[in-house]
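1. The following block contains a protein sequence and its predicted model.
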Amino acid sequence: DVQLVESGGGLVQPGGSLRLSCAASGFTFSSYAMAWVRQAPGKGLEWVSAISNGGDSTLSADSVKGRFFISRDNAKNTLYLQMNSLKPEDTGVYYCYARTVRTGSVYASWGQGTQVTVSS
């Protein structure tokens, strides 16, 4: 079974840092593009950052550009999100997302999420 398990969330003061991890299993991790998506309290899903299957290409939302950095270790089947200079508006549940296309069909999976709270 495909599993994505996030960890590393918690309570942090404004200006602080956190590093999220997403451990993947049950599929060929290196064949999937990966992303982090978050949901603030009472709001919809917001795409945060994405990385290609080989890790050579990344994209980030304007709201986190220069503060958040996505990376992956295909040998460890793990996705990361380094979050620096955190702001209260970064508060939310952060989800790990995996996606690939095979023979014209999209295969995608979500993790269960990890809570990030930025507050003094």
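-> Thanks, I have it. Numbering: from 1, shown residues only.
2. only C-alpha atoms for contact and neighbour calcs from this point on.
-> OK.
3. Paired strands for the worst-scoring helix or strand of the chain on mean pLDDT, with orientation please.
-> Lowest on mean pLDDT, DSSP states H and E among the helices and strands of the chain sits strand 105-110, with a mean of 93. The pairing partners recorded for strand 105-110 under DSSP bridges are strand 92-102 (antiparallel).
4. what residues does the strand it pairs with touch?
-> 4-6, 22, 31-41, 106-117 (CA atoms under 8 Å, 6 or more residues apart in numbering).
5. List the buried residues of it.
-> 92-100 (16 or more other CA atoms under 10 Å).
6. okay, who's weakest in these by pLDDT?
-> On pLDDT alone, residue 100 ranks lowest of the buried residues of strand 92-102, at 92.
7. Distance to residue 15 for the buried residues of strand 92-102 - can I get that in a markdown table?
-> What follows is those, written out as a markdown table (distance: CA to CA, whole Å):
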| residue | distance to residue 15 |
| --- | --- |
| 92 | 16 |
| 93 | 18 |
| 94 | 18 |
| 95 | 22 |
| 96 | 23 |
| 97 | 26 |
| 98 | 29 |
| 99 | 32 |
| 100 | 35 |
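8. which among the residues you listed gets closest to residue 78?
-> Using CA to CA, residue 96 comes nearest to residue 78 of the buried residues of strand 92-102, at 10.4 Å.
9. what pairs with that closest one across the strands?
-> Per DSSP bridges, the residues bridged to residue 96 are residue 36.
10. In the protein, which residue sits furthest out from the middle?
-> residue 103 (25.9 Å; CA atoms, centre = their mean).
11. any idea how far it lies from residue 17?
-> Residue 103 sits 40 Å away from residue 17, going by CA to CA, to the nearest Å.
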